[in-house]
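Trainee: Sharing a model prediction with you, sequence too.
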Amino acid sequence: MSVEVKVNSTVISLVKGDITLEETDAIVNAANSRLAGGGGVDGAIHRAGGPGIMEECRKIGGCSTGSAVITTGGRLKARHVIHAVGPVYRDGNHGEPEALKGAYRRSLELTVENGLKTVAFPSISTGAYGYPIAEAARVALKTVIEFVRGRKELELVRFVLFSEGDFNRYREVLEEISGKNA
Ligand code: ADP
């Protein structure tokens with residue numbers, strides 16, 4: 001199950017799967033602001049990558065909502081993990097779209113700043129943090145498309161969606177916005 005579009009020189013792809021298995025240069029974690037680990041994709045990444053990633057997170061200390069920090073990938077195939085902190089969703093009127101956009105944008109900046117070419121994202125904030133999936137997909141995909149337009153550094157930005165339902169929502173939104181803008 002996969003879909004892709006090309007925007008400028010970057011392939012944006014959607015796949016259904018488990019992000020801990022990705023072989024991109026970096027994978028993004030949906031972290032919390034204490035970088036303390038937890039359930040969902042965060043727990044899965046720390047389990048798969050081993051304790052070294054948490055040691056690095058402890059040294060960094062934390063990360064504000066709407067931003068991201070980078071560590072190594074420990075035992076993962078990906079050489080780096082970017083820990084992005086998305087917002088907890090309340091009603092959409094408490095800065096959630098801006099914070100979600102910031103989490104994606106800072107992750108993309110860190111990818112480029114570290115000379116990396118390929119990065120994989122989970123659907124940030126749409127699990128325990130409760131962000132409605134279609135709205136989150138729109139913010140995520142628009143932010144990525146806006147970022148890669150007019151740049152050449154990134155070869156691949158992939159979204160790894162954990163369920164078929166999430167994959168289908170992202171696909172619908174990508175078809176809608178790439179039809180208009182890409
Ligand atoms: P948040 O707290 O930001 O909402 P969660 O980890 O609870 O983060 O959920 C974010 C998304 O990650 C959810 O859609 C969830 O289904 C998904 N997810 C959980 N495990 C994995 C995994 N191994 N690979 C990719 N996505 C995952």
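Mentor: That came through, no problem.

Trainee: From now on I want contacts and neighbour counts done on CA atoms only, so please keep to that.
Mentor: Noted.

Trainee: where do the helices sit along this protein?
Mentor: For the chain, helices defined by DSSP state H occupy the ranges 40-49, 51-60, 96-113, 133-148, 164-181.

Trainee: Helix 40-49 and the second one, what's the angle between them?
Mentor: By that I understand helix 51-60. Interaxial angle, helix 51-60 versus helix 40-49 (axes from the mean of the first three to the mean of the last three C-alpha atoms, to 10 degrees): 120 degrees.

Trainee: Any buried residues in helix 51-60, and which?
Mentor: Using 16 or more other C-alpha atoms under 10 Å as the test for burial, helix 51-60 gives 53-54, 57.

Trainee: Same list (the residues you listed) but as TSV, adding distance to Ile177 and pLDDT.
Mentor: TSV is the format used below for those (distance: C-alpha to C-alpha, whole Å; pLDDT from 0 to 100):
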residue	distance to Ile177	pLDDT
Ile53	35	98
Met54	37	98
Cys57	35	98
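
Trainee: now those in a markdown table, with distance to the ligand?
Mentor: Listed next are these as a markdown table, based on distance: C-alpha to the nearest ligand atom, whole Å:
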| residue | distance to the ligand |
| --- | --- |
| Ile53 | 16 |
| Met54 | 16 |
| Cys57 | 17 |
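
Trainee: mind checking how far the residue nearest the centre of the chain is from Ile82?
Mentor: Centroid-nearest residue in the chain, with C-alpha atoms, centre = their mean: Phe121, separated by 2.9 Å. From Phe121 across to Ile82, the span is 9 Å (C-alpha to C-alpha, to the nearest Å).

Trainee: do Gly102 as well
Mentor: Gly102 is 13 Å from Ile82, by C-alpha to C-alpha.

Trainee: What is the burial count for the nearest residue to Lys117 once chain neighbours are set aside?
Mentor: Distance criterion C-alpha to C-alpha, 6 or more residues apart in numbering; nearest residue to Lys117, sequence neighbours excluded, is Leu154 at 4.6 Å. For Leu154, the count of nearby residues is 21 (other C-alpha atoms under 10 Å).
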